[in-house]
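Asker: Quick one, structure for this:
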Amino acid sequence: MWGEGDIMILGSLSSWEEHSRYENSVIVEAIEELKVILQHEPDLGRIEIRGNEIYVSIMALEAKSLEEQVAEKHEAYIDVHYLIEGEETIGWSPLQEGIEATKPYDAEADYALYPPSTEEILLTLKPGMFAVFFPHDVHRPGMGQSGMKIKKAVIKIHVGLLNS
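Answerer: Numbering: from 1, shown residues only. The predicted structure is shown next:
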């Protein structure tokens, strides 16, 4: 069962003005910068906001089924997944004791892979929605109806910015 500190944030830019008053200032900065970037219809790839401390990757992918997608977790960065086009399902669960990684943590790439949790919650993102995943959040992005085209932005925020 989940305990204290099991947080993940789900929101929408349609209510961002109200939501942002309660959010960490670094996450607010990142999402405000993303809003500006999206106004210019950016190309796919990496766009730096604050060098390696905060950057965004614009990506296009085809949705995978729940059966074929693995879960991931990061340690050095917080992820903000923002859906631009399509519909995306993201599985979420807090990291639980005793769960073994199927691919151990790779510090250079900042990820470890995990099997889906039996207590995973499936989140459905529609365009304009975002989800924030912290280092203890195991998540499975990029899922949906087979063949569904997804365009999204993933903001990476170095954890050191929230700890300072």
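Asker: alpha carbons only for contacts and neighbour counts from here, please
Answerer: Will do.
Asker: Can you get me the start-to-end distance on stretch 132-151?
Answerer: 17 Å (CA to CA, to the nearest Å).
Asker: how far does it sit from the chain's center?
Answerer: Counting by CA atoms, centre = their mean, to the nearest Å, stretch 132-151 is centred 7 Å from the centre of its parent chain.
Asker: Can you spell out which helices and strands pack onto the lengthiest helix in the chain?
Answerer: Assignment by DSSP state H gives helix 25-39 as the longest helix of the chain. Helices and strands touching helix 25-39, by 3 or more CA pairs under 8 Å, 6 or more residues apart in numbering; DSSP states H and E, are strand 149-158.
Asker: could you give me the average pLDDT of the strand it packs on?
Answerer: For strand 149-158, mean pLDDT rounds to 98.
Asker: Ok, stretch 50-64 next?
Answerer: Per-residue pLDDT over stretch 50-64 has a mean of 97.
Asker: And for stretch 27-44?
Answerer: Taken as a whole, stretch 27-44 has an average pLDDT of 95.
Asker: same question, stretch 120-138
Answerer: Computed over stretch 120-138, the mean pLDDT rounds to 95.
Asker: Any buried residues in that stretch, and which?
Answerer: Across stretch 120-138, burial judged by 16 or more other CA atoms under 10 Å covers 122, 124-127, 129-138.
Asker: same check, this time on stretch 93-100
Answerer: Neighbour-count burial for stretch 93-100, counted by 16+ other CA under 10 Å, picks out 93-95.
Asker: still on that earlier bit, compute the inter-axis angle for the longest helix of the chain and strand 149-158.
Answerer: For helix 25-39 against strand 149-158, the angle by axes from the mean of the first three to the mean of the last three CA atoms, to 10 degrees is 140 degrees.
Asker: on that earlier part again, now, which of the buried residues of stretch 93-100 sits nearest Leu66?
Answerer: Ser93 (14.5 Å; CA to CA).
Asker: Kindly state the beta-bridge partners for the closest one.
Answerer: The partner list for Ser93 in beta bridges (DSSP bridges) reads Val138.
Asker: Show the contacting residues for the nearest residue to Glu62 once chain neighbours are set aside.
Answerer: Counting by CA to CA, 6 or more residues apart in numbering, Lys149 is the residue found nearest to Glu62 once chain neighbours are left out, at 4.7 Å. Contact analysis of Lys149 by CA atoms under 8 Å, 6 or more residues apart in numbering lists 60-63, 85-86.
Asker: let's see 7 Å
Answerer: 61-63, 86 (CA atoms under 7 Å, 6 or more residues apart in numbering).
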